[in-house]
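Participant: Prediction below, plus the sequence it came from.
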Amino acid sequence: MNRFLIAILSLLISLPALAVDGFSSLEEQMTGNQFRGAGLNKLTPGELESLNHWIRSRSLATLDQPKAGSMMASPEADEEDKDRDEKGKKVENTERTTIKSRIKGSFTGWDGHAVFELENGMIWEQSDKDKFFIREINNPEVTIEPGAFKKWHLSIDGHDSKCRVKRIQ
């Protein structure tokens, strides 16, 4: 009987850990200063759990669609939110296909903080700290390719260097 109780208790204790699929809560991911700086310390425990649940179900880091069975306000609200960036600006739904366009204006490379405005209206920013410099060229053709783990890589046609980028508009 004792073994049965221990087995049941073990199972009950491990269920919440299994349910989160390796999700780390905001409290675990942020330092105390970051947590307070974002104003999250003002939330009630229930509000904080609701926020963690929303992040877990939507996977904000990758802007995934909500998982089946997640608790969202309504399907209509989800449809409105899915084409918005983290600042709430509306963006086109970018499929995971190669993008070819040109950078508007002159280009001399990237320095770890570059922003790339393309002729097709997209705006991408560098998300790694790599550096690459070339002599100034105007309106170079670029290729943005999907990479592993939902990352994107930008390259300038005719050059071997690539940088990791994320779309901001």
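Facilitator: Structure's in. What do you need? Numbering: from 1, shown residues only.

Participant: show me where this structure has helices.
Facilitator: 2-19, 26-29, 32-37, 45-58, 75-81 (DSSP state H).

Participant: ok, of those, where does mean pLDDT dip lowest?
Facilitator: Of all these, the minimum mean pLDDT falls on helix 75-81 (a mean of 43).

Participant: is Ser155 in a bridge, and if so with what?
Facilitator: Beta bridges link Ser155 to Thr143, Lys162, judged by DSSP bridges.

Participant: residues contacting it?
Facilitator: 142-143, 145, 161-162 (Cβ atoms under 8 Å, 6 or more residues apart in numbering). (C-beta placed from N, C-alpha, C; glycine too.)

Participant: List buried residues within those.
Facilitator: 142, 162 (16 or more other Cβ atoms under 10 Å).

Participant: In a markdown table: the contacts of Ser155, plus distance to Thr31 and pLDDT.
Facilitator: Below are the contacts of Ser155 laid out as a markdown table (distance: Cβ to Cβ, whole Å; pLDDT from 0 to 100):
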| residue | distance to Thr31 | pLDDT |
| --- | --- | --- |
| Val142 | 37 | 96 |
| Thr143 | 38 | 95 |
| Glu145 | 35 | 94 |
| Ser161 | 34 | 92 |
| Lys162 | 32 | 93 |
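
Participant: now, which of the contacts of Ser155 sits nearest Phe35?
Facilitator: Closest approach between those and Phe35, by Cβ to Cβ: Lys162, at 35.1 Å.

Participant: Look up how far Glu47 lies from the closest one.
Facilitator: Going from Lys162 to Glu47 by Cβ to Cβ, to the nearest Å gives 42 Å.

Participant: Show me how the chain divides into domains.
Facilitator: Domain assignment of the chain by automatic domain parsing yields the ranges 2-81, 99-167.

Participant: burial measure for the residue nearest to Thr97 when sequence neighbours are not counted, as a count.
Facilitator: Among residues not flanking Thr97 along the chain, Pro146 sits closest, at 7.2 Å (Cβ to Cβ, 6 or more residues apart in numbering). Residues near Pro146, counting by other Cβ atoms under 10 Å, number 14.
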